[in-house]
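# what follows is a predicted structure for the sequence shown.
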Amino acid sequence: MSTFNLVDHPHRRFNPLTGEWILVSPHRAKRPWQGQVEKVQEEKRPQYDPKCYLCPTNERIGGKVNPDYKGAYSFINDFSALLSDTPEGGEDNGDLFQSEAVRGICKVICFSPRHDLTVPEMEVDAIKGVVDLWQDEYNELGANPAINYVQIFENKGSIMGCSNPHPHGQIWSSSNIPNEVEKEVVRQKAYFEKHGRTLLGDYLEAEVEKESRILCSNEHFVALVPYWAVWPFEAMIISRSAHASIKTFNDEERLALADIYKQLTIMYDNLFEVSFAYSAGIHQAPTDGEEHPEWHFHMHFYPPLLRSATVKKFMVGYEMLGNPQRDITAETSAERLRALSKVHYKSAK
């Protein structure tokens, strides 16, 4: 028998942040691909769209009017998934029927007044304006005693459910700690109590030494493909210092986060020369009034595209009934992304 290796043989990889496993089948990636590979025709958008409810000075549904904002701008979501005045209540009917009321505040963050831009096409200083606003919103919402977690995220692209192409993200702050965050709370706390160091601090140190999954870096942040990645070109941004949240970032660190955010998303766009779809979000310490020395700031990127601008990965069959599976290894994905030009493909033409 041949000697086992991660490049050729099926194996499972463990995600220490969630305690879950993923099946990796690298031998399947060697089969020939005969599907679509052609590029899509991208829509050219104007800098200002009079029909867009996120553009400056336009009226939103419900009658509210956006100010003539010049940088990042936030407002209460007109169709919030969570409400601050939800009454207390729920159901506790044995082990099988339980529910509880949830309160929260949902906001929309417009990244730029320009309708035609996305993060990789924005200037770093403008992206820093978004990061600054993230920090302000985390501080303000987190100071509310009714809010125990502040989830900052971005859905980019219609295939990720984004209903408006204007560059924007969202914040859902809630009285409960969401499921995925709760998994990371448990795993990071157990690691910190055992080792006295953050899980992601030790993980990042090991990844930097190995180098094979590193995508790009600067003085304060590293972008990489995680060892346990599920999505074909999944990535994480991890702070070099063990910040529990964005709250303690200084001006230089916020600029560095903006820089690496732009670097990573340029890689994504250049991969298939398309505005690359993804869901991205920050995981950081809950705002429940407790100390969280175990938490280490990081940002997840989950992009669905697999082989071209039109071919995406679906979670079906075994992945829905068993556990997630991927063919292309994390190392191969990182190698492909690293090899791309650092200049956005639109600028290079």
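Cool, the structure landed. Being a predicted model, the structure only gives us computed values, none of them experimental.

# the closest residue to residue 115 other than its chain neighbours - how many residues pack around it?
Distances taken as CB to CB, 6 or more residues apart in numbering put residue 49 closest to residue 115, at 4.7 Å, once the chain neighbours are dropped. In short, each C-beta sits where N, CA and C put it, glycine included. Counted with other CB atoms under 10 Å, the neighbours of residue 49 add up to 16.

# okay, the residue positioned nearest the centre of the chain: pLDDT?
By CA atoms, centre = their mean, the chain has its centre lying nearest to residue 280, at 1.8 Å. On pLDDT, residue 280 comes in at 98.

# dump the residue contacts of it.
For residue 280, the contacting residues are 153-154, 156, 299-302, by CB atoms under 8 Å, 6 or more residues apart in numbering.

# where does it fall, helix, sheet strand or coil?
At residue 280, secondary structure determined by DSSP: H, G, I helix; E, B strand; the rest coil is strand.

# quickly find the element holding the residue nearest to residue 115.
Residue 49 is part of no helix or strand, with elements assigned from DSSP states H and E.

# in a markdown table, list the contacts of residue 280 along with distance to residue 214, neighbour count and pLDDT.
Listed next are those as a markdown table, based on distance: CB to CB, whole Å; neighbours: other CB atoms under 10 Å; pLDDT from 0 to 100:
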| residue | distance to residue 214 | neighbour count | pLDDT |
| --- | --- | --- | --- |
| 153 | 24 | 16 | 98 |
| 154 | 23 | 24 | 97 |
| 156 | 23 | 24 | 93 |
| 299 | 15 | 24 | 98 |
| 300 | 16 | 19 | 98 |
| 301 | 15 | 24 | 98 |
| 302 | 19 | 17 | 97 |
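
# give me the below-cutoff pLDDT ranges for the protein.
1, 29-41, 349 (pLDDT under 70).

# now do the strands in it.
Along the chain, the segments classed as strands by DSSP state E run 11-15, 20-24, 73-76, 90-93, 97-100, 104-110, 149-156, 168-174, 214-217, 221-224, 235-239, 278-283, 298-302, 325-326.

# pairing partners for the shortest one, with directions?
Spelled out, it's strand 325-326. strand 20-24 (parallel) (DSSP bridges).

# and the fourth one, by the same measure?
With DSSP bridges as the criterion, the sheet partners recorded for strand 90-93 are strand 97-100 (antiparallel).

# alpha carbons of the strand it pairs with, as CSV, please.
Extracted in CSV, the C-alpha atoms of strand 97-100 (Å, rounded to 0.1, in the frame of the first residue of the first chain):
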residue,chain,number,x,y,z
PHE,A,97,-41.2,22.5,22.4
GLN,A,98,-39.1,25.6,23.5
SER,A,99,-39.0,29.1,22.2
GLU,A,100,-38.0,32.5,23.6
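
# contacts for it?
Residues contacting strand 97-100 (CB under 8 Å, 6+ apart): 89-92, 176.

# repeat that with 6 Å
90-92 (CB atoms under 6 Å, 6 or more residues apart in numbering).

# biggest helix in this protein, by residue count?
helix 251-272 (DSSP state H).

# for it, which helices and strands make contact with it?
helix 124-142, strand 221-224 (3 or more CB pairs under 6 Å, 6 or more residues apart in numbering; DSSP states H and E).

# buried residues in stretch 164-174?
Judged by neighbour count (16 or more other CB atoms under 10 Å), stretch 164-174 contains these buried residues: 165-174.

# and it, how far from the chain's centre?
12 Å (CA atoms, centre = their mean, to the nearest Å).

# may I have that stretch exported as CSV, CA atoms only?
Extracted in CSV, the C-alpha atoms of stretch 164-174 (Å, rounded to 0.1, in the frame of the first residue of the first chain):
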residue,chain,number,x,y,z
ASN,A,164,-29.1,45.6,-4.0
PRO,A,165,-25.7,46.0,-5.8
HIS,A,166,-24.9,49.3,-4.0
PRO,A,167,-21.9,48.5,-1.8
HIS,A,168,-23.2,47.8,1.7
GLY,A,169,-23.2,45.5,4.6
GLN,A,170,-25.3,44.9,7.7
ILE,A,171,-25.2,44.7,11.4
TRP,A,172,-27.6,42.5,13.4
SER,A,173,-27.2,43.0,17.1
SER,A,174,-29.2,40.7,19.4
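
# show residues contacting that stretch.
By CB under 6 Å, 6+ apart, stretch 164-174 touches 52, 54, 82, 102, 104-112, 115, 117-118, 137, 141, 147, 149-154.

# put the buried members of the residues you listed into a ChimeraX selection.
Applying 16+ other CB under 10 Å to the contacts of stretch 164-174, the buried members can be selected in ChimeraX as follows:
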select :52,54,82,104,105,106,107,108,109,110,111,112,115,117,118,137,141,147,149,150,151,152,153,154
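
# ok, back up a step: distance to residue 290 for the buried residues of stretch 164-174 - can I get that in a markdown table?
Putting the buried residues of stretch 164-174 into a markdown table (distance: CB to CB, whole Å) gives the following:
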| residue | distance to residue 290 |
| --- | --- |
| 165 | 39 |
| 166 | 37 |
| 167 | 34 |
| 168 | 31 |
| 169 | 26 |
| 170 | 25 |
| 171 | 21 |
| 172 | 20 |
| 173 | 16 |
| 174 | 16 |
